[in-house]
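1. Provided below are the primary sequence and the corresponding predicted coordinates.
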Amino acid sequence: MPREEESAVSLADDDDEKYCDIFSGEWVPNPEAPYYTNLTCWAIHEHQNCMKYGRPDTEFMKWRWKPEGCELPVFNPAQFLEILRGKSLAFVGDSVGRNQMQSLICLLSRVEYPIDVSATPDEHFKRWNYTSYNFTLAFFWTPHLVRSTEANSRGPSNTGLFNLYLDEFDQNWTTQVEEFDYLIISTGHWFYRPLVYYESHHIVGCHFCLLDNVTDLTMYYGYRKAFRTAFKAINEIKNFKGVTFLRTFSPSHFENGLWNSGGNCLRTAPFKSNETTLEGANLELYMIQLEEFRAAEREGKKNGRKFRVLDTTQASLLRPDGHPSTYGHWPHEKVTLYNDCVHWCLPGPVDTWNDFLLEMLKMEGVRSKQEKLYSSDRKMKFR
């Protein structure tokens with residue numbers, strides 16, 4: 001899998017400093033997990049509540065991520081809340097991003113539950129406050145990152161047909177995040193659905209729209225332009241002083257068919273890193289994210305904007321056992337849900353994304369301290 005030097009996170013202690021790519025490693029057994037259950041946490045979305053709906057195995061909850069050459073500490077909720085005291089963090093994206101936010105609420109529940117301070121009853125736009133820490137957590141629903149509308153509820157594949165305005169900001173989130181200290185931006189699987197692409201108010205092409213005289217530009221075209229526009233929006237938010245994390249693409253694990261043709265994910269153990277590889281559409285989407293991220297990062301540096309990569313792709317690729325499959329509802333319920341090999345059971349592998357997040361937040365503190373020292377040294381030199 002392609003690696004980039006910038007994705008390596010420095011793990012430091014008082015005596016020495018060492019550099020370690022926390023995102024490259026293996027899953028190892030962790031008999032102490034899980035750190036919450038569906039009985040102790042109310043924040044688990046029904047469709048990811050695998051234990052409630054009868055998943056028979058429990059081993060998928062008992063792994064931790066071991067980077068090559070160092071250790072990644074297991075999530076410490078008190079430490080996380082202390083670091084975020086008086087601050088705010090927003091997840092911006094689709095239901096997999098919400099999956100991570102709900103994991104975070106569950107991991108933090110050992111210390112405190114938040115109160116709902118949402119300005120709207122719409123579940124797509126939530127705000128929570130941890131009153132003891134004055135920490136605000138938010139979620140902004142934007143499955144395409146740019147402005148989009150549903151043109152047809154069925155479409156060519158019965159999953160809807162969406163109009164994407166690839167050069168227009170989705171103001172449902174871009175007008176709301178200025179005051180946040182941290183943004184975690186992500187999206188992915190909605191781009192597999194049929195899409196019609198608009199630029200400058202005109203149709204320029206589509207992905208699997210099957211419309212006469214409209215060129216199929218593939219999902220990659222829309223995915224690239226959507227991230228480009230989303231990052232442009234962040235760079236143009238006038239008073240935004242926060243740190244933007246790109247949470248990288250989370251591969252699905254359908255086997256023996258596609259999501260709509262009987263595909264399923266029935267494995268009960270992780271892959272080793274030498275048993276699978278990032279390839280095909282997964283690799284293409286991942287590389288598009290990184291390429292657009294680097295361009296935005298270069299542009300943002302001109303105005304002091306901070307961009308970071310929260311690279312969950314490799315760790316997620318190795319977890320075919322972590323999805324709900326059929327365990328997102330009761331077997332007797334008459335619901336038309338496909339086997340879910342996209343989202344993650346809670347508890348489950350997505351909890352490790354928050355291990356990564358906490359480690360990166362700790363390193364932001366180290367970076368900030370180093371920048372202040374550097375600035376102070378420069379001032380002393382020029383006196």
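-> Sure, I can see it. Residues are numbered from 1 along each chain as shown.

2. all helices for the stretch 151-300 of the chain, in order.
-> Along the stretch 151-300 of the chain, the stretches classed as helices by DSSP state H, counting those that start in this stretch are 171-174, 218-236, 280-301.

3. same deal with the stretch 1-150 of the chain?
-> 77-83, 95-108.

4. coming back round to it: tell me which of the helices of the stretch 151-300 of the chain sits most buried.
-> helix 218-236 (a mean of 21; mean count of other CB atoms under 10 Å). Just so you know, the C-beta spots here come from the backbone N, C-alpha and C atoms, and that holds for glycine as well.

5. give the contact list for the closest residue to A138 other than its chain neighbours.
-> Distance criterion CB to CB, 6 or more residues apart in numbering; nearest residue to A138, sequence neighbours excluded, is A90 at 4.2 Å. Residues in contact with A90 (CB atoms under 8 Å, 6 or more residues apart in numbering) are 137-140, 173, 176-177, 180, 182-184.

6. what do you get if the cut-off is 10 Å, keeping everything else the same?
-> By CB atoms under 10 Å, 6 or more residues apart in numbering, the contact set of A90 is 97, 101, 126-127, 136-140, 173, 176-177, 179-185, 242.

7. so what's it bridging to?
-> On the basis of DSSP bridges, A90 is bridged to A138, L183.

8. Model confidence for T336, exactly?
-> In this model, T336 is scored at 58, pLDDT.

9. Could you report the separation of the residue nearest to A138 from W330?
-> For A90, the distance to W330 equals 33 Å [CB to CB, to the nearest Å].

10. again with F135
-> From F135 to W330 the distance is 36 Å (CB to CB).

11. Now render the helices of the stretch 151-300 of the chain as a markdown table, adding distance to T40 and mean pLDDT.
-> Shown next, in a markdown table, are the helices of the stretch 151-300 of the chain (distance: least, CB to CB, whole Å; pLDDT from 0 to 100):
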| stretch | distance to T40 | mean pLDDT |
| --- | --- | --- |
| helix 171-174 | 31 | 98 |
| helix 218-236 | 35 | 98 |
| helix 280-301 | 33 | 98 |
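
12. Quick one, which of those helices gets closest to F75.
-> Among the helices of the stretch 151-300 of the chain, the nearest to F75 by CB to CB is helix 280-301 (24.3 Å).

13. low-confidence ranges in the stretch 101-250 of the chain?
-> The stretch 101-250 of the chain contains no residues with pLDDT under 70.

14. which parts of the longest strand belonging to the chain are buried?
-> When the chain is scanned for its longest strand (criterion: DSSP state E), the result is strand 161-169. Neighbour-count burial for strand 161-169, counted by 16 or more other CB atoms under 10 Å, picks out 161-169.

15. which helices and strands sit right next to that strand?
-> strand 146-152, strand 195-199, strand 202-207, helix 218-236 (3 or more CB pairs under 10 Å, 6 or more residues apart in numbering; DSSP states H and E).

16. Next, the angle strand 202-207 makes with that strand.
-> 130 degrees (axes from the mean of the first three to the mean of the last three CA atoms, to 10 degrees).

17. so strand 161-169 versus helix 218-236, what angle?
-> Using the same axes, to 10 degrees: strand 161-169 against helix 218-236 is 30 degrees.

18. on that earlier part again, select only the buried ones of the contacts of A90 in ChimeraX?
-> To isolate the buried ones among those in ChimeraX, judged by 16+ other CB under 10 Å, type:
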select :97,101,126,127,136,137,138,139,140,173,176,177,180,181,182,183,184,185,242
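
19. give the contact list for the residue lying closest to F240 once chain neighbours are set aside.
-> Leaving aside its chain neighbours, F240 sits nearest to E178 (5.2 Å; criterion: CB to CB, 6+ apart). E178 is in contact with 237-242, counting by CB under 10 Å, 6+ apart.

20. With N38 instead?
-> 44, 48-53, 106, 345-347.

21. Quick check: the farthest pair among the residues you listed?
-> Y53 and C106 (16.8 Å).

22. who's more crowded, these two?
-> C106 (25 against 19; other CB atoms under 10 Å).

23. Report the contact partners of E333.
-> E333 neighbours (CB under 10 Å, 6+ apart): Y53.

24. That one and T149: what is the separation?
-> 30 Å.

25. And N129, by the same measure?
-> For N129 relative to T149 (CB to CB), the value is 32 Å.

26. neighbour count winner among these two?
-> Between N129 and T149, N129 has the larger neighbour count (other CB under 10 Å), namely 17 against 11.

27. Now the more buried one. Nearest residue, chain neighbours left out?
-> Using CB to CB, 6+ apart, the nearest residue to N129 is V117, at 4.7 Å.

28. give me every residue that touches the one you found.
-> 126-129, 131, 136-138.

29. thinking again about what came up before, I'd like the helices of the stretch 151-300 of the chain laid out as CSV, including distance to H202.
-> As requested, those are exported to CSV (distance: least, CB to CB, whole Å):
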stretch, distance to H202
helix 171-174, 21
helix 218-236, 14
helix 280-301, 23
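
30. between those helices, which gets nearest to E59?
-> helix 280-301 (24.6 Å).

31. what angle do the closest one and helix 218-236 make?
-> Going by the same axes, to 10 degrees, helix 280-301 makes 20 degrees with helix 218-236.

32. what's stretch 105-116 in contact with?
-> So stretch 105-116 is in contact with 34-38, 40-44, 74-82, 84, 126-133, 135-137, 346-347, 351, 354-355, 358, going by CB under 10 Å, 6+ apart.

33. Could I have the buried ones of the residues you listed as PyMOL selection syntax?
-> Entered in PyMOL, the line below selects the buried ones among the contacts of stretch 105-116, by 16+ other CB under 10 Å:
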select buried, resi 34+35+36+38+41+43+44+74+75+76+77+80+81+84+126+127+128+129+130+133+135+136+137+346+347+351+354+355+358
